[in-house]
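**Student:** Mind looking at a prediction? Sequence and model below.
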Amino acid sequence: MSNLKLELKEKIIEQLNLEDVSVDEIADNDPLFGDGLGLDSIDALELIVMLDKDYGIKLADPKEGRKIFESIDTMAAYISANKA
Amino acid sequence: MKNDFYIQSYSHVKNGEVSVNGKTVFKTSETDFKLVMKAAYKKLIIDHPKFFKMDNLSKLGFLAAHVLLENEKEKNIALILSNKASSLDTDRTYQESIKNVEQYYPSPAVFVYTLPNICMGEISIKHKLYSENCFFVTDEFTPKTLSTYANELLESNKARKALCGWVDVDNGKYNAFLYVVAKKGTFVHSEAEINRLY
């Protein structure tokens, strides 16, 4: 699980072009949206594409993303439970 | 062309150099566009991390506009930009992401930049401009089109100033020349002067 969390942090930084953020600066329970990393709605769509492309998980309802993408912890738990 | 308006200031971004009114404010020996933009951001912009999420055209236009507007008080500034490549640089990236039906993963973050006028949106958001804007796609820099449009907006009081110019990026090649047209300024707003400054 810890490897997956590290991988997710690296992917998020790279794919969402978080130029001034390092892996060490993202805590596992930091909010990804709002006051945390400050991701926006386009970033949320990118994360949905990333789940599909890298982990074979298709979100039937994009609204599910709100809970799944709360933090690295919630993302990792969802991926571990649903990975194709 | 009437000479009632003036060019208040102008900027260039090309060949690893950013200049304002002919004076260099940033220079690097880097040739890679993304590295040039990153270095220029750290020297000239600093506090707008969304810059790194922009496509190449928006980065270029944003930077060239930033050095002209960072201390500007007027908010009714029309944006009249132009280029040759439109958003082709980003269109190609997007095309890459959708060309293979087996690996069909279109990127929303790339798709939103597949229009050249998004560049003007990024400038407007940063500088809180709720003004007229227009983006012309032409084979070459055409001062007549830009000055005619700017004069019309200023004469009809649709705008108090106009940020005009050329912002072009394609396949790593880039060139930006922007200028602010106002009622007061150093240079007469004429095709000849625009061409000379370009």
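**Tutor:** Everything's here; your move. Numbers count the residues shown, from 1 in each chain, chains lettered A, B, ... in the order given.

**Student:** After the helix or strand of chain A with the lowest mean pLDDT, which helix or strand is next?
**Tutor:** Lowest mean confidence among the helices and strands of chain A (mean pLDDT, DSSP states H and E): helix A:65-68, at a mean of 90. As assigned by DSSP states H and E, the chain's next helix or strand after helix A:65-68 is helix A:72-82.

**Student:** now chain B, which segments are flagged as low pLDDT?
**Tutor:** B:1-3 (pLDDT under 70).

**Student:** Buried residues of the least confident helix or strand of chain A, list them for me.
**Tutor:** A:65, A:68 (16 or more other Cβ atoms under 10 Å in any protein chain shown). Backbone N, C-alpha and C define where each C-beta goes, glycine included.

**Student:** Kindly report the same for stretch B:21-38.
**Tutor:** For stretch B:21-38, by 16+ other Cβ under 10 Å, it's B:21, B:26, B:28, B:33, B:36-38.

**Student:** do stretch B:79-87 as well
**Tutor:** Under 16+ other Cβ under 10 Å, the buried positions of stretch B:79-87 are B:79-83, B:85-87.

**Student:** Please list which of those are also close to chain A.
**Tutor:** The subset of the buried residues of stretch B:79-87 within reach of chain A, by Cβ under 8 Å from any Cβ of the partner chain, is empty.

**Student:** quick one: which of those is nearest chain A?
**Tutor:** Compare each of the buried residues of stretch B:79-87 with chain A using Cβ to the nearest Cβ and the shortest gap goes to B:Ser87, at 16.3 Å.

**Student:** what residues does chain A put near chain B?
**Tutor:** A:16-20, A:38, A:42-43, A:45-46, A:49, A:52-53.

**Student:** For the most centrally placed residue in chain B, give me phi and psi.
**Tutor:** Nearest to the mean C-alpha position of chain B, by Cα atoms, centre = their mean, lies B:Gly61 at 2.8 Å. Main-chain torsions, B:Gly61, degrees, to the nearest 10: phi -60, psi -40.

**Student:** Could you measure from the residue lying farthest from the centre of chain B over to A:Tyr55?
**Tutor:** Residue distances from the centre of chain B (Cα atoms, centre = their mean) peak at B:Glu102, which lies 36.9 Å from the mean C-alpha position. Distance of B:Glu102 to A:Tyr55, computed by Cβ to Cβ, to the nearest Å: 17 Å.

**Student:** before we move on, what about B:Arg92?
**Tutor:** For B:Arg92, the distance to A:Tyr55 - Cβ to Cβ - is 27 Å.

**Student:** So between those two, which is more surrounded?
**Tutor:** Between B:Arg92 and A:Tyr55, A:Tyr55 has the larger neighbour count (other Cβ atoms under 10 Å in any protein chain shown), namely 17 against 12.

**Student:** Quick check: phi and psi on that one?
**Tutor:** Dihedral angles of A:Tyr55 (phi, psi; degrees, to the nearest 10) stand at phi -130, psi 0.

**Student:** got the residue ranges for the strands in the chain?
**Tutor:** Using chain A. Along chain A, no stretch is classed among the strands by DSSP state E.

**Student:** Not quite, go with chain B.
**Tutor:** Using DSSP E, strands in chain B cover B:6-14, B:17-20, B:23-27, B:77-83, B:133-137, B:161-170, B:173-182, B:187-188.

**Student:** Compare the ones you listed and give me the one nearest B:Thr148.
**Tutor:** When the strands of chain B are compared for distance to B:Thr148 using Cβ to Cβ, the nearest one is strand B:77-83, at 9.7 Å.

**Student:** Name every strand pairing with that closest one and say which way it goes.
**Tutor:** strand B:133-137 (parallel), strand B:161-170 (parallel) (DSSP bridges).

**Student:** would you list the buried residues of stretch B:79-87 in TSV and tack on distance to B:Leu153?
**Tutor:** Formatted as TSV, the buried residues of stretch B:79-87 follow (distance: Cβ to Cβ, whole Å):
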residue	distance to B:Leu153
B:Leu79	10
B:Ile80	8
B:Leu81	13
B:Ser82	15
B:Asn83	20
B:Ala85	25
B:Ser86	22
B:Ser87	24
